[in-house]
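Chemist: Below: sequence and its predicted model.
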Amino acid sequence: MSESEVITAPRPLLLADGRPAADAWSLDPALRHLNHGSFGAVPLVAQERQQRLRDRMESAPVVWFPALPQRLAAARTGLAAFLGADPDDLALVPNASAGVSVVYAGLEHRPGGEIVVTDHGYGAVTMGAERLARRWGGRIRTARVPLGADADRAFEAVAAELSDATALVVVDQITSATARRLPVERIAAETRRRGVPLLVDGAHAPGLIAAPLDGEPYDFWVGNLHKWGCAPRGTAALVARGPLRDGLYPLIDSWGAEEPYPARFDQQGTLDATGHLAAATALDFIGGTWGWPAARRYMDDLAGYAERVIGAAFAELTGTDDGPVDVGMPVPGMRLVRLPDGLADSRIAADALRDRAARELGVEAAFTSFGRLGYLRLSAHVYNTAEDYEYFAERCVPVLGDWAREARAAAAAPGMPHPARPARTDAP
């Protein structure tokens, strides 16, 4: 990196009493936590709020559960305001994938119906679409969207797969593996014109995008609150608008089944719903401590700094200068950095590399694969600092280079175990 390319690290965020932001979390200081986007991280105030609610639940369960639907209805109102949704459109679900499953189960049977997805789709969501297409006797049509495609090209790739047989379109608002946006507003306008339902997977959107539901209305939208919103796990929202929502029911039948949507989702047996009740505590903590606009600016500035620092380290290691990865429609707080050849060339290899990095390097990081190429997916949050990424560049990049060389050598020598993949065993 030349002097003209040197960028200034953003100043770390602090708590009101001057302590580092990370002190508000219970994250293990022996690890570097650089993968907020996968599972999130819950601040202590939200953990404590959830535990108090659990204590109340366990102290008097016969009092707690009959009153739970009313508590959840009140929680829905507050969460809807944060997302910019109508409370009457928002149902509470355990996670985005559960919301997607609700939609798949609630759609009317369409014999021969086709489902359009993209090659950036989240694997579990696409697998569910494939099962639904088989039940319909139809098929999946996959829109191939180049990683660097701009909004026009991405829209055209999806629109090219639409036909009279299309019964459902499923697209990501922010893609998981490739950390980019898709033009969901334009796709929504086109599917509405054709009378085709659209399901938007907004798993990463709450907290990362200021108003994820602005613009053209989607038939169905799902978003996780436990990722960028830092709510307890098992907290997500399903937003459904239009007549199709009347066919949506919880995955668990309970006594609320005869209630209208979304009230029927507020009563699902004896589930621990304290996460949803404590979600607002996490959202309010970030909003009250730094303000969500300032938090998003910091996350984006930090992700940009991390991309440059780590990208430069890989460039020096490999002798290449590819520059930042072009994802066409970037999102705040997330970046991709190309890995050396031999690493994370498939989802299985990427997951194995994630596990090895945590075990041997003491780093929680996200490694992804797209088009048989491996990437480091950066996802910064308020508790991260520039020093986290400088550490990765200095200490981890050289080791990853060694692993890449080992992987290429193993690929060239059949029978040798791949260093970044699980060892094969013939044991039952």
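Modeler: Looks like it arrived, so ask away.

Chemist: correct me, but residue 317 touches residue 394?
Modeler: No: checked against CB atoms under 8 Å, the pair residue 317 and residue 394 is beyond contact range at 11.5 Å. The C-beta positions use only the backbone N, C-alpha and C, and glycine is treated the same way.

Chemist: The two: which is more packed in?
Modeler: residue 317 (16 against 12; other CB atoms under 10 Å).

Chemist: tell me which element the more buried one falls in.
Modeler: Residue 317 is part of helix 292-318 when elements are defined by DSSP states H and E.

Chemist: again with residue 67
Modeler: Per DSSP H and E, residue 67 falls inside helix 61-83.

Chemist: ok so, going back, go through the helix holding residue 317 and flag the buried ones.
Modeler: Neighbour-count burial for helix 292-318, with 16 or more other CB atoms under 10 Å as criterion, is recorded at 292, 295-296, 298-315, 317-318.

Chemist: repeat for stretch 28-48
Modeler: 32-37, 40-43, 45-47.

Chemist: Equivalent analysis for stretch 65-84, please.
Modeler: Buried-residue list, stretch 65-84, by 16+ other CB under 10 Å: 68, 69, 71, 72, 75, 76, 79, 80, 82, 83.

Chemist: chain center to that stretch: distance?
Modeler: Per CA atoms, centre = their mean, to the nearest Å, the displacement of stretch 65-84 from the mean C-alpha position of its chain is 23 Å.

Chemist: what sits up against that stretch?
Modeler: 57, 86-87, 89-92, 206, 211-214, 223, 225, 229, 237, 239, 256, 262-263, 266-267, 270, 273, 276-277, 279-280, 283 (CB atoms under 8 Å, 6 or more residues apart in numbering).

Chemist: switch the cut-off to 7 Å
Modeler: 86-87, 90, 92, 206, 211-214, 223, 225, 237, 256, 262-263, 266-267, 270, 273, 276-277, 279-280, 283 (CB atoms under 7 Å, 6 or more residues apart in numbering).

Chemist: among the residues you listed, which are in strands?
Modeler: Taking DSSP state E, the ones among those that sit in strands are 90, 92, 223, 237.

Chemist: For residue 335, give its distance to residue 366.
Modeler: As for residue 335, its distance to residue 366 is 11 Å (criterion: CB to CB, to the nearest Å).

Chemist: Can you give me the end-to-end span of stretch 312-330?
Modeler: This stretch, stretch 312-330, spans 20 Å end to end (CA to CA, to the nearest Å).

Chemist: residues contacting the most centrally placed residue in the chain?
Modeler: For the chain, residue 204 is the residue whose C-alpha lies nearest the centre (CA atoms, centre = their mean; 3.7 Å). Residue 204 makes contacts with 37, 174, 176, 227, 228, as judged by CB under 7 Å, 6+ apart.

Chemist: Okay, now the unreliable bits of the stretch 151-300 of the chain?
Modeler: Residues of the stretch 151-300 of the chain meeting the criterion pLDDT under 70: none.

Chemist: now do 90
Modeler: 214-217, 253, 268-269 (pLDDT under 90).

Chemist: in it, which spans are helices?
Modeler: Here the stretch 151-300 of the chain has its helices, by DSSP state H, counting those that start in this stretch, at 151-159, 184-194, 274-289, 292-318.

Chemist: tell me which strands and helices the helix holding residue 317 is in contact with?
Modeler: With contacts taken as 3 or more CB pairs under 7 Å, 6 or more residues apart in numbering; DSSP states H and E, helix 292-318 sits against strand 334-338, strand 373-379, helix 386-391, helix 397-412.

Chemist: repeat that for 10 Å
Modeler: helix 274-289, strand 334-338, strand 373-379, helix 386-391, helix 397-412 (3 or more CB pairs under 10 Å, 6 or more residues apart in numbering; DSSP states H and E).

Chemist: Can you check which of those gets nearest to residue 114?
Modeler: Closest approach to residue 114 among the helices and strands packed on helix 292-318 (CB to CB): strand 373-379, 28.8 Å.

Chemist: Just want the angle from the closest one to helix 397-412.
Modeler: Interaxial angle, strand 373-379 versus helix 397-412 (axes from the mean of the first three to the mean of the last three CA atoms, to 10 degrees): 150 degrees.

Chemist: tell me the mean pLDDT over strand 373-379?
Modeler: In this model, strand 373-379 carries a mean pLDDT of 97.

Chemist: now that strand against helix 292-318, angle please.
Modeler: Using the same axes, to 10 degrees: strand 373-379 against helix 292-318 is 150 degrees.

Chemist: per-residue confidence at the closest residue to residue 176 other than its chain neighbours?
Modeler: Using CB to CB, 6 or more residues apart in numbering and skipping residues adjacent in sequence, the residue nearest residue 176 is residue 122, 5.0 Å away. Confidence at residue 122, expressed as pLDDT, is 97.

Chemist: Surely residue 122 is in contact with residue 175?
Modeler: Yes: Residue 122 is within contact range of residue 175, at 7.9 Å (criterion: CB atoms under 10 Å).

Chemist: Please enumerate the shared neighbours of those two.
Modeler: Common neighbours of residue 122 and residue 175, using CB atoms under 10 Å, 6 or more residues apart in numbering, are 201, 203, 204.

Chemist: Mutual contacts of residue 335 and residue 366, please.
Modeler: Common neighbours of residue 335 and residue 366 (CB under 10 Å, 6+ apart) are 179, 375, 376, 377, 378, 379.

Chemist: Excluding sequence neighbours, find me the nearest residue to the second one.
Modeler: With CB to CB, 6+ apart as the criterion, residue 375 has its nearest non-adjacent residue at 4.6 Å, and that residue is residue 336.

Chemist: dump the residue contacts of that neighbour.
Modeler: Residue 336 neighbours (CB under 10 Å, 6+ apart): 147, 177-180, 307, 311, 324-327, 330, 366, 368, 370, 373, 375-378.

Chemist: Likewise for residue 390?
Modeler: Listed by CB under 10 Å, 6+ apart, the contact set of residue 390 reads 9, 305, 306, 309, 310, 313.

Chemist: Quickly note the distance from the last one to residue 405.
Modeler: Right, the one you point to is residue 313. From residue 313 to residue 405 the distance is 16 Å (CB to CB).
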